[in-house]
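Trainee: model the structure of this input:
(chains A, B, C, D, E and F)
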There are 4 protein chains.
Amino acid sequence: MRTKQTSSKDQGTIGGRARRTQIERAAAEVLSEVGYAAASVGRIAERAGVSKGVITYHFASKDEILRRVALTLFEECAAHIASSVSDEASPAARLRAQLSAELEFFSSRRVEFRAMVEVMSNHRDPGFIRAFENVSTDEAETLAGLLRQGQTQGEFRAFDVNEVAHLIDAAKNGVLDRWASDEALDLGSMRATMLDFIEHAVRA
Amino acid sequence: MRTKQTSSKDQGTIGGRARRTQIERAAAEVLSEVGYAAASVGRIAERAGVSKGVITYHFASKDEILRRVALTLFEECAAHIASSVSDEASPAARLRAQLSAELEFFSSRRVEFRAMVEVMSNHRDPGFIRAFENVSTDEAETLAGLLRQGQTQGEFRAFDVNEVAHLIDAAKNGVLDRWASDEALDLGSMRATMLDFIEHAVRA
Amino acid sequence: MRTKQTSSKDQGTIGGRARRTQIERAAAEVLSEVGYAAASVGRIAERAGVSKGVITYHFASKDEILRRVALTLFEECAAHIASSVSDEASPAARLRAQLSAELEFFSSRRVEFRAMVEVMSNHRDPGFIRAFENVSTDEAETLAGLLRQGQTQGEFRAFDVNEVAHLIDAAKNGVLDRWASDEALDLGSMRATMLDFIEHAVRA
Amino acid sequence: MRTKQTSSKDQGTIGGRARRTQIERAAAEVLSEVGYAAASVGRIAERAGVSKGVITYHFASKDEILRRVALTLFEECAAHIASSVSDEASPAARLRAQLSAELEFFSSRRVEFRAMVEVMSNHRDPGFIRAFENVSTDEAETLAGLLRQGQTQGEFRAFDVNEVAHLIDAAKNGVLDRWASDEALDLGSMRATMLDFIEHAVRA
DNA sequence: GATGAATGAGCCTTCATTCAT
DNA sequence: GATGAATGAAGGCTCATTCAT
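Mentor: Numbers count the residues shown, from 1 in each chain, chains lettered A, B, ... in the order given. The predicted model follows:
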């Protein structure tokens, strides 16, 4: 009972953590398979092999599960990217590193990625406001900063950094979306093409 | 019973057409405002100012309404693009024309576009298979053809046309998505930046 | 669709009104028989001989049914009392008339009275505040006004009118409560004893 | 296993007694605050600062807790009254003493009183029969005995002792109920008014 | 003694659909 | 054509109780 990180009852206890993880995993699978609208608590419980009540016991609400599925992956991804991008490299190199790191991170987490997309594009608060609206904006701002630095240092040509940041973000998301719906896609090849495409688009 | 597009009773009759259009418009508004999961028949009826029964009378099922909302707009868009792109122009010009035409088409149909996105990314058949999975593939194939022609004629540099087609498609969709969630966005400026971005990325 | 007296969809239509009444009647019976805590929508539906969905169709929520069960009876009672008490009579006569009218009103509505008591003493808002807390206060204030007049005119002796109003109200409610739980009770005899008791207690 | 009052495992053990008392106290607080219908075992455990399991360990069922909350207070009250009423006094004095003792007893136990009322008026057995139906009858019978004595000795006028006993009981309960829902009420003043009211009502 | 975990029944509500009028 | 009415399944959630540790 030391920390209060979640609104749920169990934290720290080995059993509780494991169950939460198991349920989150089941939720990700269900989201990935049947989509946001059909991802009911009952189906998640069934997939996890537990009774519906267990889920209410470990999570305050369905909302908490879905948010956790999305945010956990999102935060892990951000951490992975941060650890992959060296401050010393040039902006162009950092841009490549950042995009590569993101693709690499998700490449072994296809189910979770699909689940995250389902939640991020569908989850709404009681007033029907999309709960993850600002996420893509935040990502684009990071990219914009990088682009600005590259322009200052002469690596990148002149363009509106915010708008181009969104284009790059969109291209990257497009790659992931396509891979998410086509398991056979060669993500490595796609990544190389994407980096090449972007480099031609922005270099001085 | 001329066309086979709907499974419903009324087509051709002037009143029936109008009612269907009215309901589809209401459905688009609801989808745009509350999202796919909360777009119930009741809410659509309420928005259209008619009783729930009317909807069942004019549409065989909720599915049909949603499909129609998406497909009607999609087909209109395709027609608009086709009429905007001259066969005589160079591949680079055709690429620009095609992308511009698509942005232009949606620019006066923000609500419908948002509705279409909700349906296309969420609608599934009873087996939970996404119903519009292949749409983006089809779009990309058209683009790929253009790119191939441009490469043959020496306008575009060497790259994998299918993969780059997906990148361009993704960039364009990214522009629309951002505009869809940010009414204040200057779509004209964004389009110019996008065309410039893509031109740098693909030109020989 | 002329008046908007309720939050529900149907008013005025003969069928709708009848169903609402039927459901309210069933709710009163269930409340009377199994008590507030066990009076579920399912049981009310079962008692009314309809499906659970019918109830949601005619009432916005369970709350609305319960409030209506209580308030309908309460308002009818108030109207009955108002029509029974002559302004011309002396305060003492009006006091007697008022109390008699209330007992008389409920005497043919035992089930509804029991239901009303269940709701009034148990219904709470989401913050657990009793929803009908002020009802007894309001009743007592009317009585207090009568007592004050009686004192002014010399019919009643000196006492705190508010406190005595509550005592009279409590005595009357005690009679009704006892009758509510003992069908065999002779309400006429009890009423006479009560009026005699109160008269001795307050007369000058 | 000395007494037969509970169906639980622990009685007599000092720790067990304390825990039971603690839980009963928590139950009273919860009942007082959220009412009978919302007084769940979970809330009681939370209020007591223990796990839900503890409650099941010390009490055979939720029913037992609620019954105990009501009966403990009720029995303590009866004992207090018995010790306050002298057999030697006149019936009128005994009546005053008894009513005063009851008000005095509860005056320092507002939370418990409110809890008791919640249980007594709502608790039902599995067949939905009110479990404490006969309590008020019992109380009234004691009063009736007193009244009869007073009539025999000429202190009280002629009236139906059973009916008047119920009226006096109701008046007293009305005072307590009002005080229970209005913390600011001056119980001392109210008691004086009540005794005066009753005395005028019954004296010869 | 005590706890966390789990269960399954039951609750209120939403909803797509059907149907008589 | 159109409507109000009704249905029954499903959804998220609460809860009393049971049980292994």
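
Trainee: where does chain A dip in pLDDT?
Mentor: For chain A, the stretches flagged by pLDDT under 70 are A:1-15.

Trainee: got the domain ranges for it?
Mentor: Following automatic domain parsing, one finds the domains of chain A at A:1-60, A:67-202.

Trainee: ok now the shortest one, how far from the chain's centre?
Mentor: Here domain A:1-60 is found 19 Å from its chain centre; the criterion is CA atoms, centre = their mean, to the nearest Å.

Trainee: once you drop chain neighbours, what's closest to the residue nearest in space to the middle of chain A?
Mentor: Nearest to the mean C-alpha position of chain A, by CA atoms, centre = their mean, lies A:Phe74 at 3.9 Å. Among residues not flanking A:Phe74 along the chain, A:Met116 sits closest, at 6.5 Å (CB to CB, 6 or more residues apart in numbering or on different chains). Yep, even glycine has a C-beta here, placed from its N, CA and C like the rest.

Trainee: quick check, the residue in chain A closest to chain C?
Mentor: Here the residue of chain A nearest chain C is A:Pro126; by CB to the nearest CB that distance is 14.2 Å.

Trainee: confirm that residue sits in a helix?
Mentor: No: using DSSP: H, G, I helix; E, B strand; the rest coil, the assignment for A:Pro126 is coil, not a helix.

Trainee: ok, now which ones touch the residue nearest to A:Phe74?
Mentor: Applying CB atoms under 8 Å, 6 or more residues apart in numbering or on different chains, we find A:Met116 in contact with A:Ala28, A:Val69, A:Ala70, A:Leu73, A:Phe74.

Trainee: is it true that the last one touches A:Glu139?
Mentor: No: checked against CB atoms under 8 Å, the pair A:Phe74 and A:Glu139 is beyond contact range at 9.8 Å.

Trainee: check the secondary structure at the residue of chain A most remote from its centre for me.
Mentor: Residue farthest from the centre of chain A, counting by CA atoms, centre = their mean, is A:Gly154 at 31.3 Å. Here A:Gly154 is recorded as coil under three-state DSSP.

Trainee: OK, contacts around it?
Mentor: A:Ala204.

Trainee: repeat that for A:Ser90.
Mentor: A:Ser90 neighbours (CB under 8 Å, 6+ apart): A:Gly150, A:Gln153, A:Glu155.

Trainee: redo these as a markdown table? Include distance to B:Ala60 and neighbour count.
Mentor: Listed next are those as a markdown table, based on distance: CB to CB, whole Å; neighbours: other CB atoms under 10 Å in any protein chain shown:
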| residue | distance to B:Ala60 | neighbour count |
| --- | --- | --- |
| A:Gly150 | 55 | 22 |
| A:Gln153 | 61 | 12 |
| A:Glu155 | 58 | 18 |
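
Trainee: nearest to C:Glu163 among those?
Mentor: Nearest to C:Glu163 among the contacts of A:Ser90: A:Gly150, at 83.8 Å, using CB to CB.

Trainee: could you verify my assumption that the closest one touches A:Ala89?
Mentor: No: with contacts counted by CB under 8 Å, A:Gly150 stays clear of A:Ala89, the gap being 11.2 Å.

Trainee: can I get stretch A:89-104 in PDB, CA atoms only?
Mentor: This file holds the C-alpha atoms of stretch A:89-104, laid out as PDB (Å, rounded to 0.1, in the frame of the first residue of the first chain):
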ATOM      1  CA  ALA A  89      24.300  13.500 -33.900                       C
ATOM      2  CA  SER A  90      23.300  16.000 -36.600                       C
ATOM      3  CA  PRO A  91      19.600  16.800 -36.900                       C
ATOM      4  CA  ALA A  92      19.300  14.800 -40.100                       C
ATOM      5  CA  ALA A  93      20.800  11.800 -38.300                       C
ATOM      6  CA  ARG A  94      18.600  12.300 -35.300                       C
ATOM      7  CA  LEU A  95      15.600  12.500 -37.500                       C
ATOM      8  CA  ARG A  96      16.500   9.200 -39.100                       C
ATOM      9  CA  ALA A  97      17.300   7.600 -35.700                       C
ATOM     10  CA  GLN A  98      14.100   8.800 -34.200                       C
ATOM     11  CA  LEU A  99      11.900   7.400 -37.000                       C
ATOM     12  CA  SER A 100      13.900   4.200 -37.200                       C
ATOM     13  CA  ALA A 101      13.600   3.700 -33.400                       C
ATOM     14  CA  GLU A 102       9.900   4.100 -33.500                       C
ATOM     15  CA  LEU A 103       9.400   1.600 -36.300                       C
ATOM     16  CA  GLU A 104      11.800  -0.800 -34.600                       C
END
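
Trainee: quick one: what helix or strand has the closest residue to A:Ala89 other than its chain neighbours in it?
Mentor: Spatially, and ignoring its direct neighbours in sequence, A:Ala89 is nearest to A:Ala97 (6.6 Å; CB to CB, 6+ apart). A:Ala97 is part of helix A:91-107, with elements assigned from DSSP states H and E.

Trainee: other SSEs contacting that helix?
Mentor: Applying 3 or more CB pairs under 8 Å, 6 or more residues apart in numbering or on different chains; DSSP states H and E, we find helix A:91-107 packed against helix A:62-84, helix A:135-152, helix A:161-181, helix A:187-202.

Trainee: kindly reformat those as CSV containing distance to C:Val41.
Mentor: Formatted as CSV, the helices and strands packed on helix A:91-107 follow (distance: least, CB to CB, whole Å):
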stretch, distance to C:Val41
helix A:62-84, 22
helix A:135-152, 40
helix A:161-181, 42
helix A:187-202, 52
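
Trainee: check those helices for me and report the most buried one.
Mentor: Stretch with highest mean neighbour count among the helices and strands packed on helix A:91-107: helix A:161-181 (a mean of 23; mean count of other CB atoms under 10 Å in any protein chain shown).

Trainee: which bits of chain A sit near DNA strand F?
Mentor: Chain A has residues A:38-43, A:52-53, A:56-57, A:61-63 near DNA strand F, with proximity defined as CB under 7 Å from any atom of the strand.

Trainee: in those residues, which residue is surrounded by the most others?
Mentor: A:Ala39 (27 neighbours; other CB atoms under 10 Å in any protein chain shown).

Trainee: report the secondary structure state of that residue.
Mentor: Going by three-state DSSP: A:Ala39 is coil.

Trainee: for it, what are its contacts?
Mentor: A:Ala27, A:Val30, A:Leu31, A:Leu66, A:Glu118.

Trainee: the same query, at a cut-off of 10 Å, please.
Mentor: Contacts for A:Ala39 were tallied using CB atoms under 10 Å, 6 or more residues apart in numbering or on different chains; they are A:27-33, A:47, A:62, A:65-66, A:69, A:115, A:118-119, A:122, B:37.

Trainee: same question for A:Glu155.
Mentor: Counting by CB under 10 Å, 6+ apart, A:Glu155 has contacts A:Ser90, A:Pro91, A:Ala92, A:Ala93, A:Leu95, A:Leu147, A:Gln149, A:Glu199, A:Val202, A:Arg203, A:Ala204.

Trainee: tally of neighbours for the residue lying closest to A:Ala38 once chain neighbours are set aside?
Mentor: Residue nearest to A:Ala38 in three dimensions, not counting chain neighbours: B:Phe128, with 6.4 Å by CB to CB, 6+ apart. Neighbourhood size, B:Phe128 [other CB under 10 Å]: 12.

Trainee: how near is B:Phe128 to A:Lys62?
Mentor: For B:Phe128, the distance to A:Lys62 equals 19 Å [CB to CB, to the nearest Å].

Trainee: got phi/psi on the closest residue to A:Ile23 other than its chain neighbours?
Mentor: Leaving out its chain neighbours, the residue that sits closest to A:Ile23 by CB to CB, 6+ apart is A:Ala48, at 5.4 Å. In terms of degrees, to the nearest 10, the main-chain angles of A:Ala48 are phi -80, psi -10.

Trainee: which residues sit in contact with A:Ala48?
Mentor: Neighbours of A:Ala48 in contact, by CB under 10 Å, 6+ apart: A:Arg19, A:Gln22, A:Ile23, A:Glu24, A:Arg25, A:Ala26, A:Ala27, A:Glu29, A:Val30, A:Val54, A:Ile55.

Trainee: pretty sure A:Val94 is touching A:Ala82, no?
Mentor: Let me fix one detail, which is that residue A:94 is Arg and not Val. No: using CB atoms under 10 Å, A:Arg94 is not in contact with A:Ala82; the gap is 11.4 Å.
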